[in-house]
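Enquirer: Here's a sequence, model it:
(chains A, B, C and D)
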Protein chains: 2
Amino acid sequence: MPETTKKHTTIKDIAKKLGISTSTVSRALSDSWEIKKETRELVLKAAAELNYHPNPMAIGLVTKRSHTIGLCVPELVHSFFPKIITGMQRTLSEAGYTILITTSDESYETERKNLLLLKQNLVDGILISTTSESHRNADLYNEILNSGTPIVFFNRVCSKIDAPKVVIDDTRMAYIAVKHLIEQGYEKIVHMAGPRDLDLTKLRLEGFLKAMKESGRTVDESSVIDTGMFIDDGAREMERLIKCGAKPDAVFAFNDPVAIGAMKAAKKLGLRIPQDTAFAGFSESKSALIVEPALTSVAQPLSQMGEVAARCIIDKINGRDASNPAIVLDARLNIRDSSAVRCQNLMPTDM
Amino acid sequence: MPETTKKHTTIKDIAKKLGISTSTVSRALSDSWEIKKETRELVLKAAAELNYHPNPMAIGLVTKRSHTIGLCVPELVHSFFPKIITGMQRTLSEAGYTILITTSDESYETERKNLLLLKQNLVDGILISTTSESHRNADLYNEILNSGTPIVFFNRVCSKIDAPKVVIDDTRMAYIAVKHLIEQGYEKIVHMAGPRDLDLTKLRLEGFLKAMKESGRTVDESSVIDTGMFIDDGAREMERLIKCGAKPDAVFAFNDPVAIGAMKAAKKLGLRIPQDTAFAGFSESKSALIVEPALTSVAQPLSQMGEVAARCIIDKINGRDASNPAIVLDARLNIRDSSAVRCQNLMPTDM
DNA sequence: TTGTAGGCGTTATCAT
DNA sequence: ATGATAACGCCTACAA
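Expert: Coordinates of the predicted model:
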């Protein structure tokens, strides 16, 4: 039965071994300018020999920095946020930060709890993609900001808050997608718009309306359909449309799951895709390529979005960049079989 | 321009306000038995009024517990691990723990780095699902265990290590899946086996072999095919099989992506499913239901697996349960159109 | 039941 | 360039 809990080596151990003071060790380790090159090397060597690792809690206690970033995303199971997180992790870990991940499950109350939890854990900054009811937490966002903890919004932002935001041009990309459908010759185009209270659905709706109006089409109530966010929601609405005789020529959904659901329903009811009805989604998911036919969708630079947001929060923490820019990343419409008879069948992409 | 960085309230503030000592406050807050009921309530009230929150770093520094659990998973983008994490988060956060998530990207070297990072961050325990080369890190696992940090393996375990493991009965479930294919009347069944060096692929292979032998079939070299882990890998192998005239009647893949890839290749080459060839996967993914026909697959109780693993690591940390059990959870074969002409088309499930 | 004092591992402020 | 010494916020003997 081996005795397990070895003590960790501390700067004291190093100091003792070298016969110098802990302050000197500390300075050597933190690469201070006021230190003799020799002694620093001596310390570094001793540290390596003793397998020294600084105690982040002790450091945090005195510096009041945890080197931890809090992350709050709606969910993790759709590969969308994980791809963003990949980029964040790369950037943050390079900068010596660690990530605390929380999920809000699309509930603003859970989001609230999570933010409080993160604050209590003394994170140095918060990266957040909001729920569809973020406005209800606006007070909390501001409280956190006022308490000195920077926040950076990404993907799903709260427009009311004065903080950096990393996004794509939702309106423009929606416009491009709808324009594409129009150019393909589809006449009756409907938009499955998702939950109204998400900033990003409003923006995508705007793009839809702009494209429609620009091509001289009338947009009546039946052209824009409120939906949920998931496959079933899309399927249900599509079935309803078809059964009540309002079959559209083309569907532009605010996200992929809804587009896929709608497409499945259409197929089930015997429609040919894209001849009878075309489909386009948003935020290209892996499923966009698994489904048949492959789904036209707007691809976002997800891991880049993560990197940029991470860089942004680091700058905020370090007090550089007092401005609160809205950073807009480039996105791309990937056209596939669901909306065009002949097309290159693009591989999925992070872009 | 509002001054932002307010100081946090500490037990000192509470003590001062109440004219008592910090130790009393500390005891009241930690609900010590040696405290008068009155004073505790007084302290609690004052704490609430002053909006007191304990500083986890200070606590950690003295108690040598971070109340943080390190998590190391191969990846996050396939919804498999996120579903497990959901269960973990619920259990751990209820117990006052916070999770540090790292991803190894299927690289044992990255896994190594992550484990070291977690150790340096003084996590109280580690939950890990290994890469396909985990045996290479066996020394590190043991080193960590010996240093006093408990580890619990889940899903993908390292059999050589003496630590708790949370798994399903891979062999048995593979056996059941193959048995199903046999019962459906398929003759020439091949197994797409994944990377050899994963414990779990070995176990699933065993199940395949057992079912085949039990039904008196010969299993030659061509029946078991080494593959990668992704859609493309399955597609490539299936195409190769068909083109070299070795078309199987049924394919049992060690995971869903490979099964889906194989199925897509078969469809592309004109085979009817399940008439010409049947397919079954493992670890039911959302894609299993999106693909057409829907894919027969073994469903695992993912969030439960997370909960159990979490409970397990907490017990280890608290020193209860010195044993290192291998906990086996129930799984289920969900039969769908890819392997049976008539069947209920089950909804996806965490089970 | 409460208070006093020391220490957890590190940085920061003084001296030297 | 280096060393004492005092924090940081909290816990925990030990004393009262």
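
Enquirer: Would you list the phi and psi of the residue sitting furthest away from the middle of chain A?
Expert: Most distant from the centre of chain A: residue A:19, at 50.5 Å, with distances by C-alpha atoms, centre = their mean. Note on residue A:19: its backbone torsions stand at phi 70, psi 30 [degrees, to the nearest 10].

Enquirer: Does chain B have contacts with stretch A:309-323?
Expert: No - using C-beta under 8 Å from any C-beta of the partner chain, stretch A:309-323 never reaches chain B; the gap is at least 10.5 Å. Where C-beta positions appear, they are placed from N, C-alpha and C, glycine not excepted.

Enquirer: Between the two ends of that stretch, how far is it?
Expert: End-to-end distance for stretch A:309-323, by C-alpha to C-alpha, to the nearest Å: 14 Å.

Enquirer: Please work out the average pLDDT along that stretch.
Expert: For stretch A:309-323, mean pLDDT is 93.

Enquirer: so residue A:187 touches residue A:247, yeah?
Expert: No - checked against C-beta atoms under 8 Å, the pair residue A:187 and residue A:247 is beyond contact range at 11.3 Å.

Enquirer: Counting neighbours around each, name which of these two comes out higher.
Expert: residue A:247 (16 against 10; other C-beta atoms under 10 Å in any protein chain shown).

Enquirer: Now do the same contact list for the closest residue to residue A:175 other than its chain neighbours.
Expert: Distance criterion C-beta to C-beta, 6 or more residues apart in numbering or on different chains; nearest residue to residue A:175, sequence neighbours excluded, is residue A:207 at 3.8 Å. Residue A:207 makes contact with A:170-178 under the criterion C-beta atoms under 8 Å, 6 or more residues apart in numbering or on different chains.

Enquirer: Get me the contact residues on chain A for DNA strand C.
Expert: With C-beta under 7 Å from any atom of the strand as the criterion, chain A meets DNA strand C at residues A:7-8, A:10-12, A:22-23, A:26, A:29-30, A:52-55, A:58-59, A:61-63.

Enquirer: just checking: which of those residues also lie near DNA strand D?
Expert: A:22-23, A:58, A:61-62.

Enquirer: from the residues you listed, which ones fall inside strands?
Expert: Within these, no residue falls in strands by DSSP state E.

Enquirer: Turn these into TSV, including distance to chain B, neighbour count and pLDDT.
Expert: Formatted as TSV, those follow (distance: C-beta to the nearest C-beta, whole Å; neighbours: other C-beta atoms under 10 Å in any protein chain shown; pLDDT from 0 to 100):
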residue	distance to chain B	neighbour count	pLDDT
A:22	16	14	95
A:23	19	11	95
A:58	6	15	97
A:61	5	19	97
A:62	9	10	96
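
Enquirer: so which pair among the residues you listed is furthest apart in space?
Expert: Greatest spacing in these, by C-beta to C-beta: A:23 and A:61 (16.9 Å).

Enquirer: and residue A:181, backbone torsions?
Expert: Main-chain dihedrals, residue A:181, degrees, to the nearest 10: phi -60, psi -40.

Enquirer: What count of nearby residues applies to the nearest residue to it once chain neighbours are set aside?
Expert: Excluding the flanking residues, the one nearest residue A:181 by C-beta to C-beta, 6+ apart is residue A:250, at 4.5 Å. Residue A:250 has 25 neighbouring residues, counting by other C-beta under 10 Å.

Enquirer: Pretty sure residue A:250 sits against residue A:277.
Expert: Yes - with contact defined as C-beta under 8 Å, residue A:250 counts as touching residue A:277 (6.3 Å).

Enquirer: Quickly find the element holding residue A:111.
Expert: For residue A:111, the element it lies in under DSSP states H and E is helix A:108-120.

Enquirer: Determine how far that helix lies from the middle of the whole chain.
Expert: Here helix A:108-120 shows a centroid-to-chain-centroid distance of 17 Å under the convention C-alpha atoms, centre = their mean, to the nearest Å.

Enquirer: Over to stretch A:130-145?
Expert: Centroid separation for stretch A:130-145 versus its chain: 16 Å, with C-alpha atoms, centre = their mean.

Enquirer: again with stretch A:18-31
Expert: Here stretch A:18-31 shows a centroid-to-chain-centroid distance of 41 Å under the convention C-alpha atoms, centre = their mean.

Enquirer: Residues contacting that stretch, please?
Expert: Contacts of stretch A:18-31 (C-beta under 8 Å, 6+ apart): A:11-12, A:14-15, A:34-35, A:39-40, A:42-44, A:46-47, A:54.

Enquirer: change it to 6 Å
Expert: Here stretch A:18-31 makes contact (C-beta atoms under 6 Å, 6 or more residues apart in numbering or on different chains) with A:11-12, A:14-15, A:35, A:40, A:43, A:46.

Enquirer: Buried among the residues you listed? Make that a ChimeraX selection.
Expert: Burial among the contacts of stretch A:18-31 is assessed by 16 or more other C-beta atoms under 10 Å in any protein chain shown; the matching ChimeraX selection reads:
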select /A:11,14,15,35,40,43,46
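
Enquirer: Sitting in helices, which of the contacts of stretch A:18-31 do you find?
Expert: Within the contacts of stretch A:18-31, residues falling in helices by DSSP state H are A:11-12, A:14-15, A:40, A:43, A:46.

Enquirer: Those residues: which two are farthest apart?
Expert: For the ones in helices among the contacts of stretch A:18-31, the maximum inter-member distance is 17.8 Å, found between A:12 and A:40 (C-beta to C-beta).

Enquirer: Do a quick rundown of the strands in the stretch 1-150 of chain A.
Expert: Per DSSP state E, counting those that start in this stretch, the stretch 1-150 of chain A carries strands over the ranges A:68-73, A:98-103, A:125-128.

Enquirer: For chain B, what's the nearest residue on the stretch 101-250 of chain A?
Expert: Going by C-beta to the nearest C-beta, chain B is nearest to residue A:148 of the stretch 101-250 of chain A, at 3.9 Å.
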